[in-house]
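*Asks:* sequence unavailable; structure follows:
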């Protein structure tokens with residue numbers, strides 16, 4: 001453990017150095033200044049704390065359904081939410097579903113002991129991963145009920161390496177592993193753990209709740225009118241290039257394109273390149289006419305999940321870069337999906353392809369080949385949409401199972 005602790009100190013020093021020029025490192029460093037003292041001043045000693053830890057924004061979305069259900073069913077508990085990454089904390093530091101929101105202290109023994117002395121959690125839930133060795137050892141020593149939720153274990157992870165004995169020991173801290181798939185259960189069984197529940201992924205419950213609460217957007221309604229609509233969400237430059245050919249070949253179809261980043265140069269290029277006319281959402285008003293407009297560029301945030309509710313098909317961006325973005329937000333509406341080739345590390349994308357609900361495309365020709373049958377054959381379209389809707393419906397329920405197992409014993 002001395003080597004592990006030395007590595008953490010070196011990491012902290014490197015972050016402090018990088019903070020001189022890197023904004024994210026600066027947030028990481030500044031957010032942990034006086035952290036334990038602020039916790040001690042803020043958290044009431046008599047609170048019944050349920051502690052939920054997430055790495056960043058993606059894991060927050062997996063933990064969110066759990067927090068919301070806990071709030072409804074156990075209002076006497078207080079929820080402490082911690083983040084490791086600034087990219088999650090800075091966006092969700094004012095989230096109303098948690099009572100206390102902080103960064104996670106650096107996983108050094110004295111920090112861990114002080115943290116647990118302040119918080120005294122009734123239960124600790126780690127979302128998906130983040131196996132901090134000192135924290136897990138101290139939770140086990142204090143006999144605090146500890147769980148991991150929406151977890152995925154893989155053969156190539158540290159737990160199965162010759163040098164992974166410390167991480168294998170840390171797994172003994174978990175009372176129950178709530179995993180996403182049977183493969184994770186089999187791998188944990190190889191390590192001697194039978195306390196495993198295949199609960200699935202809480203994100204399915206989250207996107208179902210989002211769909212149920214989708215907002216009416218009058219401007220999008222007017223833009224769509226009597227046309228059919230494809231929504232391209234979280235797109236990057238390569239996504240937009242192949243979409244342009246699809247748009248030009250389908251003048252009778254309306255398109256909403258939601259760039260992942262508000263890059264003014266890319267947006268301007270997109271507006272110039274659409275032969276059928278394009279307009280930015282933020283430049284529309286009640287008097288805007290969409291008669292000669294084929295594309296609406298959604299140059300704002302927080303609306304995409306509701307816009308999917310107006311779509312007939314969806315394209316998910318990111319697949320020509322490090323990986324695709326959120327497929328489930330669109331899939332929960334039963335939309336046939338397409339995305340780029342870099343999807344292999346996303347379990348739901350692989351499963352959607354396997355059931356015939358989605359397709360990976362590498363170029364504009366393949367995108368058009370995916371779209372044309374869905375556009376022209378109503379039976380093909382409905383069968384595909386039904387497969388996707390059934391898939392998302394069948395995978396709901398992880399949140400209830402976890403909360404019931406943890407808190408109704």
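*Replies:* Thanks, I have it. None of these values were measured; they are calculated from a predicted model. Residues are numbered from 1 along each chain as shown.
*Asks:* so where do the strands sit in the chain?
*Replies:* 49-54, 78-83, 100-103, 123-127, 145-151, 176-179, 196-198, 229-235, 254-259, 278-280, 295-297, 313-316, 337-339, 358-360 (DSSP state E).
*Asks:* possible to save the ones you listed as a markdown table with mean neighbour count and mean pLDDT?
*Replies:* Just so you know, the C-beta spots here come from the backbone N, C-alpha and C atoms, and that holds for glycine as well. Below are the strands of the chain laid out as a markdown table (neighbours: other CB atoms under 10 Å; pLDDT from 0 to 100):
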| stretch | mean neighbour count | mean pLDDT |
| --- | --- | --- |
| strand 49-54 | 23 | 97 |
| strand 78-83 | 24 | 97 |
| strand 100-103 | 20 | 97 |
| strand 123-127 | 24 | 97 |
| strand 145-151 | 23 | 96 |
| strand 176-179 | 22 | 96 |
| strand 196-198 | 17 | 96 |
| strand 229-235 | 25 | 97 |
| strand 254-259 | 24 | 96 |
| strand 278-280 | 18 | 94 |
| strand 295-297 | 26 | 96 |
| strand 313-316 | 26 | 98 |
| strand 337-339 | 27 | 98 |
| strand 358-360 | 22 | 97 |
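*Asks:* closest to residue 136 out of these?
*Replies:* Comparison of those against residue 136 by CB to CB identifies strand 145-151 as nearest, at 7.0 Å.
*Asks:* residues contacting that closest one, please?
*Replies:* 62-63, 66, 122-129, 136, 139-140, 173-180, 184, 199-203, 398, 402, 406 (CB atoms under 8 Å, 6 or more residues apart in numbering).
*Asks:* residue 24 is in contact with residue 89, isn't it?
*Replies:* No: applying CB atoms under 8 Å, one finds residue 24 not in contact with residue 89, separated by 10.8 Å.
*Asks:* do a quick rundown of the helices in the stretch 101-250 of the chain.
*Replies:* Taking DSSP state H, counting those that start in this stretch, the helices of the stretch 101-250 of the chain run over residues 109-119, 133-141, 165-170, 182-190, 203-212, 218-224, 237-249.
*Asks:* count of residues packed around residue 72?
*Replies:* With neighbours defined by other CB atoms under 10 Å, the count for residue 72 comes to 9.
*Asks:* okay, domains of this protein per the record?
*Replies:* The record's domain parsing of the chain by automatic domain parsing lists 2-142, 215-394.
*Asks:* can I get those domains in CSV with distance to residue 193?
*Replies:* Below are these laid out as CSV (distance: least, CB to CB, whole Å):
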stretch, distance to residue 193
domain 2-142, 13
domain 215-394, 21
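*Asks:* ok, which of these comes nearest residue 207?
*Replies:* Closest to residue 207 of the domains of the chain is domain 215-394 (CB to CB; 4.2 Å).
*Asks:* centre of the chain to that closest one, how far?
*Replies:* On the basis of CA atoms, centre = their mean, to the nearest Å, domain 215-394 sits 19 Å off its chain's mean C-alpha point.
*Asks:* and residue 87, how far is that from residue 28?
*Replies:* Look at residue 87 and residue 28: by CB to CB, to the nearest Å, they are 10 Å apart.
*Asks:* for residue 363, same thing?
*Replies:* Taking CB to CB as the measure, residue 363 and residue 28 are separated by 39 Å.
*Asks:* measure stretch 294-302 end to end?
*Replies:* In stretch 294-302, first residue to last residue: 22 Å (CA to CA, to the nearest Å).
*Asks:* name the residues that touch that stretch?
*Replies:* The contact list for stretch 294-302, computed with CB under 8 Å, 6+ apart, reads 220, 223, 247, 251, 253-259, 262, 267, 270-271, 274-282, 284, 290, 304, 307.
*Asks:* buried set for stretch 261-276?
*Replies:* 266-267, 270-271, 274, 276 (16 or more other CB atoms under 10 Å).
*Asks:* ditto for stretch 70-79
*Replies:* So for stretch 70-79, counting by 16+ other CB under 10 Å, buried means 70-71, 74, 77-79.
*Asks:* let me have these in TSV, extended by distance to residue 297.
*Replies:* As requested, those are arranged in TSV below (distance: CB to CB, whole Å):
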residue	distance to residue 297
70	39
71	37
74	43
77	44
78	43
79	38
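*Asks:* residue 203: what's it in contact with?
*Replies:* Residues in contact with residue 203 (CB under 8 Å, 6+ apart) are 61-62, 65, 150, 328.
*Asks:* higher neighbour count, residue 87 and residue 28?
*Replies:* residue 28 (22 against 16).
*Asks:* residues touching that one, list them.
*Replies:* Here residue 28 is in contact with 15, 19, 85-86, 103 (CB under 8 Å, 6+ apart).
*Asks:* surely residue 76 touches residue 48?
*Replies:* Yes: at 6.2 Å, residue 76 and residue 48 qualify as touching, with contact defined as CB under 8 Å.
*Asks:* any common contacting residues for these two?
*Replies:* Both residue 76 and residue 48 lack any common contact, where contact means CB under 8 Å, 6+ apart.
*Asks:* and residue 129, what's its pLDDT?
*Replies:* Looking at residue 129, its pLDDT is 83.
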